[in-house]
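Engineer: based on what follows, work out the 3D shape:
(one chain, ligands or ions: 1)
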Amino acid sequence: MALLEDKTALITGAGRGIGRGIALAFAREGCRVALVARTLDELNETTQLAADLGGEAFPCVCDVAAPSQVDNAVNMVLHRFGHIDILVNNAGYACFKPFTEIAIDEWRHTLDVNLTGPFLVTQAVLPSMIARRSGRIINVSSVAGLKPIAEQSAYCASKFGLNGFSLALALELRAYDIAVHALCPGGVATRLADEAMPERDKADWMTPEDVAQAALYLATLSPRATTDVLHIRRFDSTPLGAS
Ligand SMILES: NC(=O)c1ccc[n+]([C@@H]2O[C@H](COP(=O)([O-])OP(=O)(O)OC[C@H]3O[C@@H](n4cnc5c(N)ncnc54)[C@H](OP(=O)(O)O)[C@@H]3O)[C@@H](O)[C@H]2O)c1
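Structural biologist: The predicted structure is shown next:
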């Protein structure tokens, strides 16, 4: 039997990159997947790729930082699937530059997408999870939520915030048998990485499929066990805490 047979998931940022990788890994395991992002063409591509794997996908155009769009999207998904077993807050934005060059709009946009987005989507999904006393939330954070990185101050602020949000929510929601995980990847070769770090050679960087494997591990954990923070890094990168 497939690992996620009869399960449903809502995955934000599923139009490309890590979110698409997670959506396809889940679909391959029998999960019905709702796909959220702003670009319909990319959502349609992910939908078709999921269908090619025999999976069912439901594309939903939505800006995770816009409260009314989030409410509409989650209502549509609940109407279509009945319930949501797994929420993956993955949509993200990165602008890497020296602190003094960060415009207030870039600072706000980073926090809006990376931190307020998970807040809004989680608030919209959670009542239905609490009613069923069942659910799992995976917040795709970053190694930038675990250690300081120069010229990534806005991104670090958002991802440290997301990790704090995840840990506090894990504590609060254990009473409802709902698990919350922060998944913290290092460098992954995606458009976000290309745009934020165009000068870096990404030949040895992780792929979205590598991160999807870690997300699948979290999604299929025994209900008797949990993982608060899962750090997955490039094999050649430095372990956390090493100098
Ligand atoms: N790549 C890395 O090295 C790396 C490392 C650690 C963590 N991460 C994290 O992994 C997550 C995914 O990043 P990625 O590298 O896969 O990036 P990506 O390839 O650029 O994909 C980002 C996805 O998020 C969506 N998105 C962006 N803003 C959105 C918004 N306001 N509302 C809804 N959807 C939105 C994008 O679609 P639209 O633009 O169409 O909305 C796209 O589908 C992010 O949270 C990122 O911080 C990435």
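Engineer: pLDDT score for Asp41?
Structural biologist: Looking at Asp41, its pLDDT reads 98.
Engineer: hmm, who's touching whichever strand or helix holds it?
Structural biologist: Following DSSP states H and E, the helix or strand that holds Asp41 is helix 40-52. Contact partners of helix 40-52, identified using Cβ atoms under 8 Å, 6 or more residues apart in numbering, comprise 14-16, 20, 23-24, 27, 33, 35-37, 56-61. C-beta coordinates here come from the backbone N, C-alpha and C atoms, glycine included.
Engineer: give me the nearest residue to Asp85, chain neighbours excluded.
Structural biologist: Spatial nearest neighbour of Asp85, chain neighbours left out: Lys7 (4.5 Å); criterion: Cβ to Cβ, 6 or more residues apart in numbering.
Engineer: surely that neighbour touches Arg32?
Structural biologist: Yes - assessed by Cβ atoms under 8 Å, Lys7 is found in contact with Arg32 at 7.3 Å.
Engineer: thinking again about what came up before, any idea how many residues pack against the residue nearest to Asp85?
Structural biologist: 21 (other Cβ atoms under 10 Å).
Engineer: list only those of the contacts of helix 40-52 flagged as buried.
Structural biologist: The neighbour count (16 or more other Cβ atoms under 10 Å) marks 14-16, 20, 23-24, 27, 33, 35-37, 56-60 as buried among the contacts of helix 40-52.
Engineer: if we check the ligand, which of the residues you listed are in contact?
Structural biologist: Gly15, Arg16, Val36, Ala37 (Cβ under 6 Å from any ligand atom).
Engineer: the nearest residue to the last one once chain neighbours are set aside: which element?
Structural biologist: Excluding its sequence neighbours, the residue lying closest to Ala37 (Cβ to Cβ, 6+ apart) is Gly15, at 3.7 Å. Applying DSSP H and E as the criterion places Gly15 outside every helix and strand.
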